[in-house]
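S.K.: 3D model of this:
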Amino acid sequence: MSARIDRLVTSGIFALDGGEWEVDNNVWIVGDDSECVVIDAPHEADAIAAAVGGRTVTAIACTHAHNDHVNAAVELAGYVGAPILLNPADKVLWDMVYPDREPDGPLSDGQKLTVAGITLEVLATPGHAPGAVCFYAPELGALFSGDTLFQGGPGATGRSYSDFPTIIDSIRDRLLSLPPATVVHTGHGDTTTIGAEAPHLQEWISRGS
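M.R.: Model (predicted):
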């Protein structure tokens, strides 16, 4: 059976720099009826495991390590027996959530994860977080952008370990060069496309300067 994309929304708290915010997070499950990759594991390990069902999880792939993207990762890994993969540049954020537990493996720019006959290519996109990555699935015409790119603009850069010029460079150089029809599956909120967002780059730069 061909690969597909399943979406689950979980709810919880994003905490950083002494503040807390209620958030809804997208969990993206990419695969077929036999195996899948879980992209981000926020808030509700039981719900994510239920969405996976009886499939083999080949990896829990983290777009970045803000707590609202990884705070169910270790519990989920225990349920499904999958390795947690993270760009080592985000270790400083991971350690805030899991000071006594390391990720199981690294993610690096250009790395390819294979599942259900398709490829997820890792694109390093720092800015929202130092080790933020996106996953590009050309066979599905899909990008999983975490908190790097949303419908309407870049992810937030007003908190520790983030930088606005860096996220703009990441979006311009790594994402907007993808085919315009590429569907952007975001870490929060609705999907968009590369073609819908690309014309607004200069607006974002002006807004953020």
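S.K.: where in the protein is pLDDT low?
M.R.: 1, 209 (pLDDT under 70).
S.K.: ranges for the helices of it?
M.R.: Using DSSP state H, the helices of the chain run over 45-52, 67-70, 73-80, 91-97, 164-170, 194-197, 201-208.
S.K.: would you turn those helices into TSV with distance to residue 12 and mean neighbour count?
M.R.: No exception for glycine: its C-beta is placed from N, CA and C like everyone else's. Converted to TSV, those look like this (distance: least, Cβ to Cβ, whole Å; neighbours: other Cβ atoms under 10 Å):
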stretch	distance to residue 12	mean neighbour count
helix 45-52	11	18
helix 67-70	6	26
helix 73-80	13	19
helix 91-97	12	18
helix 164-170	24	18
helix 194-197	27	18
helix 201-208	28	12
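S.K.: looking at these, which is closest to residue 124?
M.R.: Of all these, it is helix 164-170 that lies closest to residue 124, at 7.7 Å by Cβ to Cβ.
S.K.: and that closest one, what does it pack onto?
M.R.: strand 153-154, helix 201-208 (3 or more Cβ pairs under 8 Å, 6 or more residues apart in numbering; DSSP states H and E).
S.K.: mind putting the helices of the chain in JSON lines, distance to residue 186 included?
M.R.: Listed next are these as JSON lines, based on distance: least, Cβ to Cβ, whole Å:
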{"stretch": "helix 45-52", "distance to residue 186": "17"}
{"stretch": "helix 67-70", "distance to residue 186": "12"}
{"stretch": "helix 73-80", "distance to residue 186": "19"}
{"stretch": "helix 91-97", "distance to residue 186": "19"}
{"stretch": "helix 164-170", "distance to residue 186": "14"}
{"stretch": "helix 194-197", "distance to residue 186": "10"}
{"stretch": "helix 201-208", "distance to residue 186": "15"}
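S.K.: of all these, which one is nearest residue 122?
M.R.: Nearest of the helices of the chain (Cβ to Cβ): helix 164-170, 12.9 Å.
S.K.: so what touches that closest one?
M.R.: Helix 164-170 is contacted from outside by 124-128, 132, 148, 154-155, 157, 201, 204-205, 208, using Cβ atoms under 8 Å, 6 or more residues apart in numbering.
S.K.: for the closest residue to residue 81 other than its chain neighbours, the count of nearby residues, please.
M.R.: Among residues not flanking residue 81 along the chain, residue 57 sits closest, at 7.3 Å (Cβ to Cβ, 6 or more residues apart in numbering). Residue 57 sits with 22 neighbouring residues when counted by other Cβ atoms under 10 Å.
S.K.: just checking, residue 57 touches residue 41?
M.R.: No: contact between residue 57 and residue 41 fails when scored by Cβ atoms under 8 Å: they sit 10.0 Å apart.
S.K.: returning to that earlier point: show me which of the contacts of helix 164-170 are buried.
M.R.: Neighbour-count burial (16 or more other Cβ atoms under 10 Å) applied to those gives 124-128, 132, 148, 154-155, 157, 204.
S.K.: and for residue 63, the neighbour number?
M.R.: 31.
S.K.: give the bridge partners for the closest residue to it other than its chain neighbours, please.
M.R.: Counting by Cβ to Cβ, 6+ apart, residue 146 is the residue found nearest to residue 63 once chain neighbours are left out, at 2.7 Å. Beta bridges link residue 146 to residue 186 when assigned by DSSP bridges.
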